[in-house]
Structures are given as structure tokens and as C-alpha cells.
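**Q** Using only what follows, build the 3D model:
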Amino acid sequence: MHSIRLFVIVFTVTASVAAATSAAAQPATLLAQGVTGATGSTVGPDGALYVAQGALGRVSRVDPVTGAVTTFASGLPPALLGLGGAMDIEFIGWNAYVLVTLVGTDLDPVNGKTVGLYRIDSPTLATPIADIGAFAIANPPQIPFDIDVRSGLQFAMARYRNGFLITDGHLNRIYRVTLNGGATEITEFQAFGNIVPTGLAIQGSQVFVAEAGPIPHVPADGKIVRLHPETGSAIEIAAGAPLLVDVEFGRGQRLFALSQGVFGGGPPASPALPNTGSLVAANANGTFTTITSGLNLPTSLEFIGNTAFVVTLTGDVVKIELGAQPF
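**A** A predicted model of the protein is given here:
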């Protein structure tokens, strides 16, 4: 993200989704409320939704049938800037790992904490196991663009082989964190120009990345790309939806993405206009079809069967029943 406007990424977008075609509207229904400051999410080994809440330094469990919300883990570093703290969560077996960002000593020398990967050891204890912030500071990007936070803005994580891939929407790269027993190794998996990588989806050895694009987040820059496993080049799969914040495989292994909404102007970190986010599906011809519009500041997308679950920054979890719709 260019300049200090990196902080806008979770809150704002620009332009409209007019470039995407529309299917018969699939309504979103409210499943749960009160998941304050929600960002990333995952489906746990028990089939429930787990949602990272950066402002509160915790992870909540959301029952996908009843919508009941319970605290799964607390004690994570809370956000220092309104944005940041616990950003995303993943499981390996029954072991949970949380991505924490924008809490480092480069932002707050007195109260700063480890930026990176935390392991959940108990409902109230989270242990940092990979200091991605320190790695980022020691290994700054070689591609020139403005950097405001040297420890980066780690945005999303996904299981990959014996560890995780993690996007950095400010330093424009993907890290690989490898778990070697009690030790971890951090490496740079892929570096980009100023394309703002956000969500991740993994299928076998293939890595799919959502790109928000730089300010002003025009729809043409909102893309899903597949990383070539040998050359590292990014192969465009679909484009045309502004500020994509997540990508996931849905029913029939079709790729879906989450567009956050339309930028309403104002200073950095100003919110998107209410109720302008969209769930879109990637088409074979490289375009998107809009499945559901009117989403309010969506941040994360998961699928359980034929149902899409969308987490919003306002603390809601909504579900969209896709059924057998052809789109």
C-alpha cells in the first residue's frame, strides 16, 4: 500500500463493481452478532467458525448452525492503532495458530509486542513462535515503494505443507513459516510490486492470492492470481472487483472472492461506505460474477458445504446459501 494509506486496507475501497456481471441475488442472513473488531477467520477441526478479534486480543468460536458465540482464546496482544492485533487464525490438527500484526516496538517502543505467529497453548495463553516483524525489519523489500511500518502489515495466513503462508499487505510479499518441531523458520516465499496481497487459498501445491491493488483500488486492480510454482510469476485468474480482501474455494472447487466496498473519501482509515461489499465468483473468462452485494464491511470468507460465511468488521457473521445455483 502506498504511504501511510496502508491502514486503509481493511476499511476502504474505491470505485464500483460494475465490471463484474451479476447473478440472481443470493441473500445474506444474519448468523451472529457482537464479534467486535473481527478480521480473519477459519473453519476449525470441529466444523465451527473461528474468528480473530484484533481490537480485543482474542479469538471467538461461532457455531455455524445456532450462531452461538463463545470465547476460544484470549490474552493475545490487542491492536495499538485500531487496526491490527489478532488478524487471522488457522489450525494444524487441533493446534491453533494466530497471526498478530501492527503491535511491534517500531510502533510503540514501550508497549510493543512480537509481530508474527502465536500458538494458542491454553484458553488464556498464547506463545509467540515466529517473529515475522523482526524478519521484515532485518530483510526489507528490494522492490522500491514507500514503507511506513518496517515490521509490515501481515494480513492473512493459510496452511501450506508443514507450516503456513502469510501475506503482508504493506511490504507486498508472502512469507513462509515452516514448523520444524519446536523450532520455526521464516523465509520470503514471494515478493511483489505494489499490488497489496491480501487473502490466500491453497489447493495442493497451488497458491492463489487476492490482490487489493494500490490506492485508488480501481476494480481492474482487484484480482485473483495463481502463483507459478517454478517461476514465481503471478498468473491472473480473474479481475474486476475493487479491493479484494479474501479468496476461497467454494462448492465445485470454484474460486470466490470478497470485495469490501466503495470508498467514501476522507483521511486514511476512513470506512468504506456502508453496505457496499460483495461476494463474487471467478469466471473461466477472467471476469467476476457478483453473487451477493450490499455486504457491510466484510473482512473474511469461509465455506462450509454450500454455505458461504462472511465475517464483517462491524462484528456480524452472515451466511449465504448458495445451494445448486449455476451463477
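**Q** low pLDDT regions in the stretch 101-250 of the chain?
**A** 229 (pLDDT under 70).
**Q** how about 80 then?
**A** 144, 182, 215-217, 229-232 (pLDDT under 80).
**Q** Let me see the ranges of the strands in it.
**A** 116-122, 125-131, 154-160, 163-168, 173-180, 183-191, 197-203, 206-211, 223-227, 234-239, 244-249 (DSSP state E, counting those that start in this stretch).
**Q** tell me which residues of the second one are tucked away?
**A** This means strand 125-131. By neighbour count on 16 or more other C-beta atoms under 10 Å, the buried set for strand 125-131 is 126, 128-131. For the C-beta atoms, the positions are set from N, CA and C on the backbone; glycine is no exception.
**Q** And for the longest one?
**A** Along strand 183-191, the positions that meet the burial threshold by neighbour count (16+ other C-beta under 10 Å) are 184, 186, 188-190.
**Q** Format the strands of the stretch 101-250 of the chain as JSON lines; extra columns: distance to residue 57.
**A** Below are the strands of the stretch 101-250 of the chain laid out as JSON lines (distance: least, C-beta to C-beta, whole Å):
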{"stretch": "strand 116-122", "distance to residue 57": "10"}
{"stretch": "strand 125-131", "distance to residue 57": "9"}
{"stretch": "strand 154-160", "distance to residue 57": "16"}
{"stretch": "strand 163-168", "distance to residue 57": "19"}
{"stretch": "strand 173-180", "distance to residue 57": "21"}
{"stretch": "strand 183-191", "distance to residue 57": "22"}
{"stretch": "strand 197-203", "distance to residue 57": "22"}
{"stretch": "strand 206-211", "distance to residue 57": "26"}
{"stretch": "strand 223-227", "distance to residue 57": "31"}
{"stretch": "strand 234-239", "distance to residue 57": "34"}
{"stretch": "strand 244-249", "distance to residue 57": "21"}
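**Q** and residue 78, which of those is closest to it?
**A** The closest of the strands of the stretch 101-250 of the chain to residue 78 is strand 125-131. By C-beta to C-beta, the value is 11.7 Å.
**Q** if we can go back for a sec, which one of the buried residues of strand 125-131 is nearest residue 236?
**A** Minimum distance to residue 236 across those is 30.5 Å, recorded for residue 130 (C-beta to C-beta).
**Q** Just confirm residue 287 contacts residue 238, I think it does.
**A** Yes - between residue 287 and residue 238 there is a contact at 6.2 Å, judged by C-beta atoms under 8 Å.
**Q** higher neighbour count, those two?
**A** residue 238 (24 against 16; other C-beta atoms under 10 Å).
**Q** residues touching that one, list them.
**A** 223-224, 255, 257, 282-283, 286-288 (C-beta atoms under 8 Å, 6 or more residues apart in numbering).
**Q** re the thing from before, with respect to residue 87, which of the buried residues of strand 183-191 is nearest?
**A** Nearest to residue 87 among the buried residues of strand 183-191 is residue 186, at 16.5 Å by C-beta to C-beta.
**Q** who does that closest one bridge with?
**A** Per DSSP bridges, the residues bridged to residue 186 are residue 177.
**Q** That one is in contact with residue 136, isn't it?
**A** No - using C-beta under 8 Å as the test, residue 186 is too far from residue 136 to be in contact (9.1 Å).
**Q** For the chain, just list every one of the helices.
**A** 132-138 (DSSP state H).
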